[in-house]
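Enquirer: Following is a predicted model, sequence given first.
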Amino acid sequence: MKEHVLENILTRRSIRRYQRRPVPREILEQIIEAGSYAPSARNSQPWHFTVVTDPERIARVTAELKAAVLRMPQNPYKDFVGAASYSVNFHNAPVFIIVSGNTEASGMVESDCALALGTMFLAAHALGIGSCWVNQLGSACAEPGFRAFLTELGVPPHNYVYGSGAFGFAEGEPPAAPPRREGVISYISADAQ
Ligand SMILES: Cc1cc2nc3c(=O)[nH]c(=O)nc-3n(C[C@H](O)[C@H](O)[C@H](O)COP(=O)(O)O)c2cc1C
C-alpha cells in the first residue's frame with residue numbers, strides 16, 4: 001500500500017492532451033471526496049468544488065475568462081490569451097474543477113485550496129485519470145463581469161478562486177518527469193558533522 005502511494009506520487013504528471021470521453025460520475029466523486037479530505041488550517045475546510053462537465057459550459061468559462069483578461073490592462077496573462085495552446089483553453093479536457101475558498105473561513109485559504117487540488121490530482125492519477133493545474137482564473141476573479149459569470153456558474157459569491165484543474169483520460173503517453181532541481185534539501189540532524 002505504502003509503495004503504491006509513493007509510486008503514485010512519483011508517476012503523476014501534468015496532462016495537457018485529453019480524450020473526449022467523459023469521466024464516469026463515480027470516479028469524479030472519489031476524486032472530489034479525496035480533495036475534501038486534504039488537511040486545512042484549523043480544520044477550516046474553506047473550499048468549494050465547482051465541477052463542470054458540460055462541454056458548452058467549459059467553453060463558456062474559457063470565452064468569459066479570455067474576455068475578462070483582455071478587459072484587464074494589468075492582467076499577467078494578457079499575452080497568453082491569443083495562444084491557442086495555453087491553458088486558457090483548459091487543454092480541451094472533459095472535466096474542469098474550480099476550487100474556490102472563503103477567506104473568512106480560514107486564515108490560510110490559499111494553502112488549503114492548493115492542498116485540496118493537489119490531493120485531487122493524486123487521487124485522479126490513482127484512478128487512471130490525468131489532470132493539470134490551470135492557473136488563470138484567480139487573476140480575473142475580481143473583474144466584475146467574470147465574477148458575475150462565476151457566480152452564475154455556481155461559485156459561491158464570496159469565494160475567491162484559488163486554483164482550478166483540468167481532468168480527463170489522457171490522450172497518448174504522459175510526458176517524462178522534469179528533472180528534480182538540486183540543492184533544495186538541507187538535513188539538519190543532531191549527528192551532522
Ligand atoms: C500553482 C501552479 C500553477 C500552474 N499553472 C499551470 C497552468 O496554468 N497551465 C498548465 O498547463 N500547467 C500549469 N501548472 C502545471 C506545471 O506546469 C507542472 O506541474 C510542472 O511543469 C511540473 O510538471 P508535472 O506536474 O508533470 O510534474 C501549474 C502548476 C502549479 C503547481
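Expert: Looks like it arrived, so ask away.

Enquirer: where along the chain do the strands fall?
Expert: In order along the chain, the chain carries the following strands (DSSP state E): 47-52, 95-101, 130-134, 160-168.

Enquirer: near the ligand, which residues of the chain?
Expert: Applying Cβ under 6 Å from any ligand atom, we find that the chain lies next to the ligand at 13, 14, 16, 87, 132, 133, 134, 135, 177, 178. The C-beta positions use only the backbone N, C-alpha and C, and glycine is treated the same way.

Enquirer: So the first one sits against residue 178, correct?
Expert: No. At 9.1 Å, residue 13 does not count as touching residue 178 under the criterion of Cβ atoms under 8 Å.

Enquirer: Just want to know which of the two has more residues nearby.
Expert: Neighbour tally, residue 13 and residue 178, criterion other Cβ atoms under 10 Å: the higher count belongs to residue 13, 18 against 8.

Enquirer: Quick check: nearest residue in space to that one, chain neighbours excluded?
Expert: With sequence-adjacent residues excluded and distances taken as Cβ to Cβ, 6 or more residues apart in numbering, residue 13 is closest to residue 174, at 4.3 Å.

Enquirer: residues touching that neighbour, list them.
Expert: Remark: with contacts taken as Cβ atoms under 8 Å, 6 or more residues apart in numbering, residue 174 is in contact with 11, 13, 15, 130.

Enquirer: Identify, from these, the entry nearest to the ligand.
Expert: residue 13 (3.6 Å; Cβ to the nearest ligand atom).

Enquirer: who's in contact with residue 44?
Expert: Contacts for residue 44 were tallied using Cβ under 8 Å, 6+ apart; they are 105, 106, 108, 109, 112.

Enquirer: Give the buried subset of the residues of the chain next to the ligand as a PyMOL selection command.
Expert: Under the burial definition 16 or more other Cβ atoms under 10 Å, those of the residues of the chain next to the ligand that qualify are selected in PyMOL by:
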select buried, resi 13+14+16+87+132+134
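
Enquirer: and the least confident of the residues of the chain next to the ligand?
Expert: Among these, residue 87 has the lowest pLDDT, at 64.

Enquirer: shouldn't residue 136 be in contact with residue 66?
Expert: No. No contact is recorded between residue 136 and residue 66 when judged using Cβ under 8 Å, the distance being 9.1 Å.
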